[in-house]
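> Predicted model and sequence below, questions to follow.
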Amino acid sequence: MPGADLYVEVVRFGNFEVDFRSGELRKAGVKLKLSGQPFQVLSILLRHAGKVVTREELRKELWPDTFVDVDHNLNTAINRIREVLDDSAVSPRFVETLPRRGYRFIAPVEGNGVAAPTFGSSKSDLRYRASRSVVMAGVIALLFVAGLVSFVWRTVRGKPAIEGVLQVTDDGNPKLLTSALLADGYRIYFNELRAGSPIIAQVAASGGETSQIESRISNPVLAALSMDSSSLLVVGEKFFFGSLWQLPLPAGDPRPLRNVVAQNATFTPDGHLIFSRDTALYVAEKDGSNPRKLGDFPSQIDSPVVSPDGERIRLTIEGSYSKSLWEVRSDGSNPHPLLQGWPGAAAACCGRWTADGKYFVFQSRSRGRTDLWVIPDGNRWSGGPLSPLRLTNGPLSYELPFPSLDGKHIFAVGLKPRGELVRFDSNSQQFVPYLSSISALDATVSHDGKWVTYTTYPDGQLWRSHADGSERLQLTYAPTVVAWPRISPDGTKVAYSSSNPSCLSCVYILPLDEGGTPRKVAENARTPSWSPDSGSLIAISTGKSSANKICSVNSFEGLQTINLRTGQITTIADSREMGGPFWPSSNMLVAPTLKLGKEGFAAFNFKTQKWSLLVKGIFQHWITSIDGESLYLMTGGDDPKILSIRLSDGTVNIIASLKNFRPIVDRDTDKWLGVATDGSPVLTRDIGSQEIYDLNVRWH
């Protein structure tokens, strides 16, 4: 047809859609008021979604021949866009500002037409016109290319690719990223966190409202879907392990599985149960009876899955600061790492096969972002190492991939990780900004109140600043990942545990005022704390044989003191299976007891060499006050709280309720608790986005 238009007609993101023909922005079909320059700016950002559009490029596109106040006009347009989209400059879901550079549209975008033109096209419309001769030439060229592609396709398989992304949920609730995401073709099942505790939720695969599945299971964590989709396999978590339950669908009373205690589980195609406990993998009947061990692995086992033909099992091995995929035959033979030699192997986890067994989809984390990758399974003719193919490349992180049964989609949690530091103000009984609400964890104050150290979230780098946030200095750099930084009582050094290519679980110290080269003081150790005189450290020893078992209390071989002057290491009596310690006074240690059934906090007297119980219970995190006189604890459950315990007499006080507080919880981060210079509790609130997305995939 003469003068035919080639254009993108409609694009969608979240609950919104933009119709470029009518110049309308709609939400759930309802037209919103956005026109003129704000609509033009949004249109440009959409057609370059995921890419930075500079302010200069916007000026040339919108005002090429006219002198205007570009800064004012752009700021006005961006503010109007955010107002209509209910977006935030501080925690953007759609339009991200890159200071002194420009803007970027960060949400997944789905279109239904041909790609729109790039910069230099008409500023008033996304469409461009092509004459009949150009169109005909294009058709001839396309026919030629199609023939060439057909020839190449018969010779070489194409690469899998994501062709569209659709947001499925929009409930704003954090998802539990240490569980499983499951789908049966009609519904998607997942864990959400409500008041800090997991619940089982569901949503239609086509999108819609999220609803809760009542289970009456304490802290239910999804593990697997039965082969006939009639029930969910659930772990009732209690600290590191839990009992297994079958929860009927769509409703019904849960049934326990023969007192099986596990950390994760799945089913084989013929109905057997596969489950893991610590470093061992087991197989049992579907009700949990007749268990037998398939084998032991180097570290904690997570996310076992069985190939559709039932011949292989792939699982994630959890290290102190690393994850890796392993494979073993279903009879327990030939266990081996899956991705040896691949650069992302030390951060790979949580994979699943497609229903036909031709592809294996998994996630790998790099530089603070998680992307999806795929292994074309069965293509092992070369005999060499596997070479995964990238499926996603931001801007969102994608986790917990689950290929749909029809093979056309991958469901996954899409997230933009972001936190804000807050402290609890006792006067207002509210959490208020701390250190300008930076996205950070493990904020620790020096005894004199002068310095603060923290790790940035999500990339895990160590920084220090004055208590008012001034004179910030980065102390560590990627690929090092830092945890548990603690400032020495004399305020001159910081100790921390970390992972880097040369040491997966080590303790280091650094000068606090100017940084420099870290000094390694212990291997196979973690969570250091200072002695009152700043001359020694105490840390958990994980032992050479179990240095990677971060989630296994069995790997905590004891607490050890490290004399920094002489290098002498001394083991504390009866400290096996005890967690991160504190050294509040010269005669006392405080540490959590993590042994199953005996959870609580105990104090160690150096003079008597004996432990005494302070308090019973399971706690999420803990820290001592700056003066060393009190212990702060974070409880879990349906009504979480912050408690303080006076070490001199054991008096317990409730400091704050956390019932409506949203902490950060993902595979690399757990709840933490700090204390500010005035003694008020410090936490990190999750202000990121975590929603489920449908990724439309072309496999070849």
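Noted; the coordinates are in hand. Because the structure is a prediction, the values reported are computed rather than measured.
> what ranges do the strands span in the stretch 151-300 of the chain?
For the stretch 151-300 of the chain, strands defined by DSSP state E, counting those that start in this stretch occupy the ranges 161-167, 182-183, 187-194, 197-204, 211-213, 220-225, 231-238, 241-248, 255-262, 264-267, 273-277, 280-284, 292-296, 300-306.
> Tell me the helices and strands packed up against the third one.
The one in question is strand 187-194. Packed against strand 187-194 by the contact rule (3 or more C-beta pairs under 8 Å, 6 or more residues apart in numbering; DSSP states H and E) you find strand 182-183, strand 197-204, strand 220-225. From N, CA and C alone the C-beta is placed, and that goes for glycine too.
> run the last query once more with 7 Å
Packed against strand 187-194 by the contact rule (3 or more C-beta pairs under 7 Å, 6 or more residues apart in numbering; DSSP states H and E) you find strand 197-204, strand 220-225.
> TSV please, covering these and showing mean pLDDT.
Compiled in TSV, the helices and strands packed on strand 187-194 are given as follows (pLDDT from 0 to 100):
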stretch	mean pLDDT
strand 197-204	92
strand 220-225	95
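> for these, which one ends up most surrounded?
strand 220-225 (a mean of 23; mean count of other C-beta atoms under 10 Å).
> quick revisit: so which of the helices and strands packed on strand 187-194 is nearest residue 557?
Nearest to residue 557 among the helices and strands packed on strand 187-194 is strand 220-225 (27.3 Å), distances taken as C-beta to C-beta.
> Could you measure from the residue nearest to residue 448 when sequence neighbours are not counted over to residue 446?
Excluding its sequence neighbours, the residue lying closest to residue 448 (C-beta to C-beta, 6 or more residues apart in numbering) is residue 491, at 5.4 Å. Here residue 491 is placed at a distance of 4 Å from residue 446 (C-beta to C-beta, to the nearest Å).
> Could you chop the chain up by domain?
5-132, 157-417+690-698 (automatic domain parsing).
> and residue 33, which of the helices and strands packed on strand 187-194 is closest to it?
Closest of the helices and strands packed on strand 187-194 to residue 33 is strand 197-204, at 29.9 Å (criterion: C-beta to C-beta).
> Do a quick rundown of the strands in the stretch 451-600 of the chain.
Listed in chain order, the strands of the stretch 451-600 of the chain (DSSP E, counting those that start in this stretch) span 451-456, 462-466, 473-474, 481-487, 493-500, 503-511, 519-523, 525-530, 536-541, 558-563, 569-571, 582-585, 588-593, 600-605.
> For the ones you listed, please prepare JSON lines with the additional fields mean neighbour count, mean pLDDT and distance to residue 289.
Putting the strands of the stretch 451-600 of the chain into JSON lines (neighbours: other C-beta atoms under 10 Å; pLDDT from 0 to 100; distance: least, C-beta to C-beta, whole Å) gives the following:
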{"stretch": "strand 451-456", "mean neighbour count": "24", "mean pLDDT": "95", "distance to residue 289": "45"}
{"stretch": "strand 462-466", "mean neighbour count": "20", "mean pLDDT": "94", "distance to residue 289": "49"}
{"stretch": "strand 473-474", "mean neighbour count": "12", "mean pLDDT": "94", "distance to residue 289": "55"}
{"stretch": "strand 481-487", "mean neighbour count": "23", "mean pLDDT": "93", "distance to residue 289": "40"}
{"stretch": "strand 493-500", "mean neighbour count": "23", "mean pLDDT": "89", "distance to residue 289": "40"}
{"stretch": "strand 503-511", "mean neighbour count": "21", "mean pLDDT": "88", "distance to residue 289": "37"}
{"stretch": "strand 519-523", "mean neighbour count": "17", "mean pLDDT": "92", "distance to residue 289": "43"}
{"stretch": "strand 525-530", "mean neighbour count": "24", "mean pLDDT": "93", "distance to residue 289": "38"}
{"stretch": "strand 536-541", "mean neighbour count": "24", "mean pLDDT": "94", "distance to residue 289": "37"}
{"stretch": "strand 558-563", "mean neighbour count": "20", "mean pLDDT": "95", "distance to residue 289": "36"}
{"stretch": "strand 569-571", "mean neighbour count": "14", "mean pLDDT": "94", "distance to residue 289": "41"}
{"stretch": "strand 582-585", "mean neighbour count": "21", "mean pLDDT": "92", "distance to residue 289": "44"}
{"stretch": "strand 588-593", "mean neighbour count": "22", "mean pLDDT": "92", "distance to residue 289": "33"}
{"stretch": "strand 600-605", "mean neighbour count": "19", "mean pLDDT": "93", "distance to residue 289": "34"}
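> Distance to residue 690 for the ones you listed - can I get that in CSV?
As requested, the strands of the stretch 451-600 of the chain are exported to CSV (distance: least, C-beta to C-beta, whole Å):
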stretch, distance to residue 690
strand 451-456, 19
strand 462-466, 25
strand 473-474, 27
strand 481-487, 21
strand 493-500, 25
strand 503-511, 28
strand 519-523, 36
strand 525-530, 27
strand 536-541, 31
strand 558-563, 36
strand 569-571, 42
strand 582-585, 32
strand 588-593, 29
strand 600-605, 32
